[in-house]
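Q: make a model of this:
(one chain, ligands or ions: 2)
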Amino acid sequence: MGRHSRPHLVAIDGPAGSGKSSVSRAVARRLGFDYLDTGAAYRALAWFVLSKKIDPADAQAVLAALAGFDYSIGIEPDRYYVQVGDTVVTDAIREPEVSAAVSDIARIPEVRSYLTSLFRTIAAGSPRTGVVVEGRDITTVVAPEAEVRILLTASEEARMARRSAEISTQSAEAVAEQLRSRDRADSQVVEFMSAADGVITVDSTHLDLEQTIDAVLDVINTRREELA
Ligand SMILES: Nc1ncnc2c1ncn2[C@@H]1O[C@H](COP(=O)(O)OP(=O)(O)OP(=O)(O)O)[C@@H](O)[C@H]1O
Ligand SMILES: Nc1ccn([C@@H]2O[C@H](COP(=O)(O)O)[C@@H](O)[C@H]2O)c(=O)n1
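A: Ligands and ions are numbered 1, 2, ... in the order given. Sure, this is the predicted structure:
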């Protein structure tokens, strides 16, 4: 595919377990777009900080560590990986201790502005015609200019049930409490429970994964027709 001036952006936000990653990746595949998982960078930084025995709540120490944070991510939907230095951390960043530490990292304003500019650089460098970017503040902070902006929601009950179906090493109650407390902490820093002006809500509570992917594709196609 030849170079172009700027890839089209689809911005998707939502709470933990709403289906952002699985839906965004599938949508990117169908559109021939790249897929940028922004939560992976916050998680990778949390992993990096923990690996150095730094307290994630110690903002000064985290910021000092940021200088040595050598991060890379695969944005092709079928070549997804997350790497810090020479270490592939694709699976390690999903471990419960990283999930428990990540909100402390994400509340540090300098971390947010550093990663926001990294996300913009990565998305702008995509050789494809578009990028689906997902996270918590993509529609509002990272890419408020995106052509299509979507808030992907689902009831708390549905999100907990989906997440606990994935995790066999912890009780459903423990998984639910972790999800709830992460959303509570993250909500103090960014707004992702209700849609900002111009952001379209897709509620997947009563949809299965395929239906949700189709609903998001419908929103994208309608919006792109409006803009054409
Ligand atoms: N509409 C849906 N119906 C049923 N299951 C779904 C649906 N959407 C997503 N899932 C499943 O729910 C789980 C959580 O989805 P996913 O990891 O994509 O959420 P997320 O919003 O990226 O979460 P997090 O922010 O915690 O990383 C996955 O197992 C996914 O397959
Ligand atoms: N745009 C974003 C994306 C993520 N975060 C923080 O990272 C955590 C992990 O995100 P997942 O999508 O992988 O669950 C999340 O809990 C937030 O703390 C963020 O702040 N902004």
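
Q: Provide a list of residues in contact with the residue sitting nearest the centre point of the chain.
A: With distances taken as Cα atoms, centre = their mean, the chain has residue 135 as the residue nearest its mean C-alpha position (3.0 Å). Residues in contact with residue 135 (Cβ atoms under 8 Å, 6 or more residues apart in numbering) are 12-13, 20, 37-39, 119, 142. (Glycine included, C-beta is placed from N, CA and C.)

Q: could you do residue 108 as well?
A: Neighbour list for residue 108: 59, 62-63 [criterion: Cβ under 8 Å, 6+ apart].

Q: and with 6 Å instead?
A: Residue 108 makes contact with 59, 62, according to Cβ atoms under 6 Å, 6 or more residues apart in numbering.

Q: gap between it and residue 143?
A: Counting by Cβ to Cβ, to the nearest Å, the gap between residue 108 and residue 143 amounts to 21 Å.

Q: same check, this time on residue 195
A: As for residue 195, its distance to residue 143 is 15 Å (criterion: Cβ to Cβ).

Q: which of these two has more residues huddled nearby?
A: Higher neighbour count among residue 195 and residue 143: residue 143, with 22 against 19, using other Cβ atoms under 10 Å.

Q: burial count for the residue of the chain found nearest ligand 1?
A: Nearest residue of the chain to ligand 1, counting by Cβ to the nearest ligand atom: residue 19, 2.8 Å away. A count of neighbours around residue 19, defined by other Cβ under 10 Å, yields 24.

Q: ditto for residue 222
A: 12.

Q: again with residue 91
A: Counted with other Cβ under 10 Å, residue 91 comes out at 8.

Q: now swap in residue 228 and tell me
A: Neighbour count for residue 228, taken as other Cβ under 10 Å: 5.

Q: measure it to residue 129 for me?
A: Counting by Cβ to Cβ, the separation of residue 228 from residue 129 is 14 Å.

Q: what are the bridge partners for the residue nearest to the centre of the chain, then?
A: On DSSP bridges, the residues paired with residue 135 through beta bridges are residue 13.

Q: break this protein down into its domains, please.
A: 9-33+131-222, 38-127 (the TED database).

Q: hey, least reliable of those domains by pLDDT?
A: Among these, domain 9-33+131-222 has the lowest mean pLDDT, at a mean of 94.

Q: what's the local residue count around the nearest residue to residue 81 once chain neighbours are set aside?
A: Nearest residue to residue 81 in three dimensions, chain neighbours excluded: residue 74, at 4.4 Å (Cβ to Cβ, 6 or more residues apart in numbering). Neighbourhood size, residue 74 [other Cβ under 10 Å]: 17.

Q: could you shift the numbering so residue one becomes 519, and keep it that way?
A: Sure, I'll start numbering at 519, so the last one becomes residue 592.

Q: do you know how far residue 592 is from ligand 2?
A: 15 Å (Cβ to the nearest ligand atom, to the nearest Å).

Q: check residue 581 too.
A: Remark: distance between residue 581 and ligand 2 (Cβ to the nearest ligand atom) = 16 Å.

Q: what does the one helix or strand that residue maps to contact?
A: For residue 581, the element it lies in under DSSP states H and E is helix 577-584. Contacts to helix 577-584, defined as Cβ under 6 Å, 6+ apart, come from residues 567, 570, 572, 626, 628.

Q: fine by me, we can end here.
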